[in-house]
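Colleague: Structural data only, the sequence is not supplied:
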């Protein structure tokens, strides 16, 4: 596996693959890789000749220089994981390489779908991520970009950017990787205390029950309220419990394919999840 830190180095490393018209797949991550990330890389390995993983951490997201340094010190483990997974190229650009001296004055946003769900409760939630990912599309020039279904809102945002800017890349949604209790795998799984570990599975369980209740004929509004009450009474702080179409259009009843979205806080941890509910044909 090659590692490149500059755009020129990445271009040189991919030159032969591009000339040979090999398929290039891109996975963008922030480091501290876990099995959820690795499941996405496995999918890319199946579909692409060349797999590129980009790890970029914006120091502006950290409260202190030491926090950023501590985070970056952990990233050395990612190199070994990626090599074992058969990653072909690891791209680890600096802030200066990716954003330049003026930290990139251009920001990308998609009004409407960036303002709901996570964007509704965290102003500017997607600004850095989607700008960085769009830059990576231009730099790496992948044919396929892989994102986990847990980030469905980001998937639809990037699909909109792809359409609107005529970017020659397809977005592949990879199924959510869960632990044996149905909890979405993330960095916080290993940091739960015993009580949090017992409670965390309720998020996905409530979504599965909601799916069953919709198929049994219950109204969508009642199903969403039941999720809300179940999680709130179990000790979760609710951020949102909402339903949209897979294209993130609002819905008020179950008369088409929909998705249910949940985001909650459990102690210091923020958990989100989603589930598809296909309308019976």
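Modeller: Received, thanks. A quick note: this is a predicted structure, and the numbers were derived from the prediction, not measured.
Colleague: Spell out the secondary structure type for the residue nearest to residue 203 when sequence neighbours are not counted.
Modeller: Closest residue to residue 203 apart from its sequence neighbours, by Cβ to Cβ, 6 or more residues apart in numbering: residue 273 at 5.1 Å. For glycine as for every other residue, the C-beta is placed from the backbone atoms N, C-alpha and C. Three-state assignment for residue 273 (DSSP: H, G, I helix; E, B strand; the rest coil): strand.
Colleague: For residue 273, which residues are in contact?
Modeller: Neighbour list for residue 273: 150, 176, 184, 203-204, 207, 261-262 [criterion: Cβ atoms under 8 Å, 6 or more residues apart in numbering].
Colleague: List the beta-bridge partners for it.
Modeller: Going by DSSP bridges, residue 273 is paired in beta bridges with residue 262.
Colleague: ok, it to residue 255 distance?
Modeller: Distance from residue 273 to residue 255, counting by Cβ to Cβ, to the nearest Å: 23 Å.
Colleague: ok, now residue 81?
Modeller: From residue 81 over to residue 255 the distance is 44 Å, taken as Cβ to Cβ.
Colleague: Mind checking which of the two has more residues around it?
Modeller: The neighbour comparison of residue 81 against residue 255 (other Cβ atoms under 10 Å) goes to residue 81, with 16 against 9.
Colleague: Backbone torsions only: list them for the residue located most distally from the centre of the chain.
Modeller: Centroid-distance maximum for the chain: residue 217 at 31.7 Å, with Cα atoms, centre = their mean. Here is the backbone geometry of residue 217 (degrees, to the nearest 10): phi 100, psi 0.
Colleague: Return the distance of it relative to residue 226.
Modeller: Taking Cβ to Cβ as the measure, residue 217 falls 14 Å from residue 226.
Colleague: same thing with residue 132?
Modeller: Separation of residue 132 from residue 226 (Cβ to Cβ): 38 Å.
Colleague: Quick check: which ranges of the stretch 1-150 of the chain have low pLDDT?
Modeller: Counting by pLDDT under 70, the stretch 1-150 of the chain has low-confidence residues at 59-74, 102-104.
Colleague: Mind doing that once more with 80?
Modeller: Counting by pLDDT under 80, the stretch 1-150 of the chain contains low-confidence ranges at 57-76, 101-105, 123-124.
Colleague: need the strands for the protein, in chain order.
Modeller: Using DSSP state E, the strands of the chain run over residues 2-4, 24-29, 50-55, 89-91, 144-148, 170-174, 237-244, 258-266, 269-277.
Colleague: Please produce a markdown table containing those strands, extended by distance to residue 222.
Modeller: Formatted as a markdown table, the strands of the chain follow (distance: least, Cβ to Cβ, whole Å):
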| stretch | distance to residue 222 |
| --- | --- |
| strand 2-4 | 52 |
| strand 24-29 | 38 |
| strand 50-55 | 43 |
| strand 89-91 | 48 |
| strand 144-148 | 30 |
| strand 170-174 | 29 |
| strand 237-244 | 12 |
| strand 258-266 | 13 |
| strand 269-277 | 14 |
